[in-house]
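Trainee: Predicted structure and sequence below. I'll ask about it afterward.
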Amino acid sequence: MAKILVADKIGPAGTEILKSGGLDVDVKTGLSEDELVATVGEYDGIVVRSLPKITKRVIEAAGRLRVIGRAGVGVDNIDVDAATARGIVVMNTPLGNITSAAEHAVAMMLALARHIPAADASMKAGEWEKKKFTGVELAGKTLGIVGLGKVGAIVARVARALSMKVVAHDPYMNPKRAQELDVELRDLDSLLREADFVTIHVPLNDSTRGLIGREKLALMKKSARLVNCARGGVVDESALADALREGRLAGAALDVFAEEPLPAAHPLRKLPNAILTPHLGASTTEAQERVAEDLARQFVDFFVRGEIKNPVNLAVTLRPHLAPFANLAETLGRFASQLVRGGVARVECGCYGDIGRSAEDAHVVAIFALQGVLANQVDTQVNLVNVGRIAESRGIELSERRAEQARSYRNVISVKVTAEGQERSCTGAVFEGGEARIVGIDGFDIDLKPAPWMLLMMYPDRPGMVGKFGSILGEANINIAGMSVGRREKRGRAVVVLTVDDPVPDHVLQKIGTAVGAEEIHRVRL
């Protein structure tokens, strides 16, 4: 019988599902890291919410641990890399609190419009200040939604029911899906200039950290109001506090913060036109019960039936021979998707050579390619369980090609991404021993070992280019680890891909593009 540690408070229904499924359950909450290290070795699974932290030290002490489950979406309190290295599955419950999160964003918007918290505090202080708390209607106003994923889509539907005009910024949203939601797509700057209310629903990653900073806040109307119930760090809180204090923004409502708990001396706490809640987006009775029950069922499925649902770190394990091809397909999908702008409409994956003999194998590889395209572009974890549903919700078509012959290599995988009239392709090969290389980009032959940070340039091939971008990167203290060049003819068009030790900042990227006369330049992260 598998032994499960419930290390955080979950509803009794969740615990009962675990027990009725034949699992041996211990409930021990509030354990410190040291206490977890001392006890984790006797358990096969751990259930957590936002606490405690399952650190690398805890994971290394877990001799028999097979799965860590998060009753919720975020897994920030779990060292996923350490778990993956130990072969431990990490799973979450990505759908259980979507409604609650969306409703909280709407509630914050209404509270901002009608000054509800301040009016309540005034009443309880014995005052009656009707004129002071004159609000605004939502009907007829424009709502700007930054991130039109599952939560953003619910907010959009509610806003339309309130007779609001809804515009959205989501560079990865298919226009057809936006049209179905009765939402008009905008670039971010246009949205900020137009909207009376702005609500944020994007994940926190390298592209969204500090997304709404001083320059973006300056674009908004003085009468506009900002809501962030997504992730702390997306909004520059210092810049927001200044804008609110100086009257350059009418109000803001935040449920999430870069540092949580929010420090007592934080300037936002002192502003009358800021509404703050302590990360309550998923804190409803229904959401907490739902995620606990969902996770409990996933644990029973895992230990009793051998089914893995909603994993955040699942690799190909059931058929090991596919692992290098699946990983390469995901890499190619990630790479190609970063060369396009706008919503992806179509993904085509081709398997050629030995890997193309089986339609079933080719389909698995294609799913991984699709997973790579969607990675970091949606507001939820993308995995083999939900990738098809996410693609369908965004109107993305997946097509597959295969053949038993491959040009130049024994096994070749190609991924082509189409987005708003753009079409970009990447080709890769798997060599003996499982080593994978990128061997083609948009028809240019290249020999590239994938790396975490890369820089792709397309420019006219002429002498002196290497010296120019090498000097600029050197001045920025960024080391070039490798370089691959592809061209069809001397002094023609060339594609150059650099692998670098650190990410290239925007201003350095722009400087390089100007110096070499680049037709295009992309920072690629894998």
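Mentor: All right, it came through fine.

Trainee: any chance you could map the helices in the stretch 301-450 of the chain?
Mentor: In the stretch 301-450 of the chain, the helices defined using DSSP state H, counting those that start in this stretch lie at 323-337, 359-374, 387-393.

Trainee: Quick check, pLDDT for the closest residue to Arg70 other than its chain neighbours.
Mentor: Spatial nearest neighbour of Arg70, excluding adjacent residues (Cβ to Cβ, 6 or more residues apart in numbering): Asn92 at 4.4 Å. To be clear about C-beta, it is placed using only N, CA and C from the backbone, and glycine gets the same treatment. If you check Asn92, the pLDDT there is 93.

Trainee: For Asn92, give me its contacts.
Mentor: 69-70, 72-75, 295, 310, 312, 381 (Cβ atoms under 8 Å, 6 or more residues apart in numbering).

Trainee: How about Thr99?
Mentor: Taking Cβ under 8 Å, 6+ apart, we find Thr99 in contact with 154, 286-287.

Trainee: and what of Met457?
Mentor: Residues in contact with Met457 (Cβ under 8 Å, 6+ apart) are 469, 495-498, 512-513, 516, 518, 520-522.

Trainee: Could you tell me which of the residues you listed belong to strands?
Mentor: With DSSP state E as the criterion, strands contain 495-498, 520-522 from among the contacts of Met457.

Trainee: Relative to Ala264, which of those is nearest.
Mentor: His522 (43.2 Å; Cβ to Cβ).

Trainee: That closest one: what's it in contact with?
Mentor: 338-339, 455-457.

Trainee: Low-confidence ranges, the stretch 351-500 of the chain, go.
Mentor: The model of the stretch 351-500 of the chain has pLDDT under 70 over residues 376, 379-381, 383-385.

Trainee: ok, the closest residue to Gly492 other than its chain neighbours to Asp445 distance?
Mentor: Among residues not flanking Gly492 along the chain, Asp461 sits closest, at 5.7 Å (Cβ to Cβ, 6+ apart). Computed as Cβ to Cβ, to the nearest Å, the Asp461 to Asp445 distance reads 14 Å.

Trainee: Please apply the same query to Glu397.
Mentor: From Glu397 over to Asp445 the distance is 28 Å, taken as Cβ to Cβ.

Trainee: Mind listing the residues bridging to the closest residue to Glu42 other than its chain neighbours?
Mentor: Excluding its sequence neighbours, the residue lying closest to Glu42 (Cβ to Cβ, 6+ apart) is Lys3, at 6.3 Å. Beta-bridge partners of Lys3, counted by DSSP bridges, are Asp24.

Trainee: show me the contacts for Lys3.
Mentor: 23-26, 42-45.

Trainee: Using CSV, lay out those residues together with distance to Asp301, neighbour count and pLDDT.
Mentor: Formatted as CSV, those follow (distance: Cβ to Cβ, whole Å; neighbours: other Cβ atoms under 10 Å; pLDDT from 0 to 100):
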residue, distance to Asp301, neighbour count, pLDDT
Leu23, 11, 21, 98
Asp24, 17, 12, 98
Val25, 16, 20, 98
Asp26, 20, 12, 97
Glu42, 22, 13, 96
Tyr43, 18, 24, 98
Asp44, 14, 19, 97
Gly45, 12, 24, 97
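
Trainee: Show me the two of those that sit farthest apart.
Mentor: Taking Cβ to Cβ, no two of the contacts of Lys3 sit farther apart than Leu23 and Glu42, at 13.8 Å.

Trainee: Tell me what the closest residue to Tyr409 other than its chain neighbours is bridged to.
Mentor: Setting aside the residues directly before and after it, Tyr409 is nearest to Ala429 in space (Cβ to Cβ, 6+ apart), at 4.1 Å. Applying DSSP bridges to Ala429 gives these bridge partners: Val412, Arg437.

Trainee: Contact partners for Ala429?
Mentor: The contact partners of Ala429, by Cβ under 8 Å, 6+ apart, come to 408-413, 436-437, 439.

Trainee: so how far is Pro324 from it?
Mentor: As defined by Cβ to Cβ, Ala429 lies at a distance of 10 Å from Pro324.

Trainee: joint contacts of these two?
Mentor: Common neighbours of Ala429 and Pro324 (criterion: Cβ under 8 Å, 6+ apart): Ala436.

Trainee: between the helices of the stretch 301-450 of the chain, which gets nearest to Ser223?
Mentor: Set against Ser223 and scored by Cβ to Cβ, the helices of the stretch 301-450 of the chain come closest in helix 387-393, at 33.6 Å.

Trainee: which parts of the closest one are buried?
Mentor: Buried residues in helix 387-393, counted by 16 or more other Cβ atoms under 10 Å: 387, 390-391, 393.
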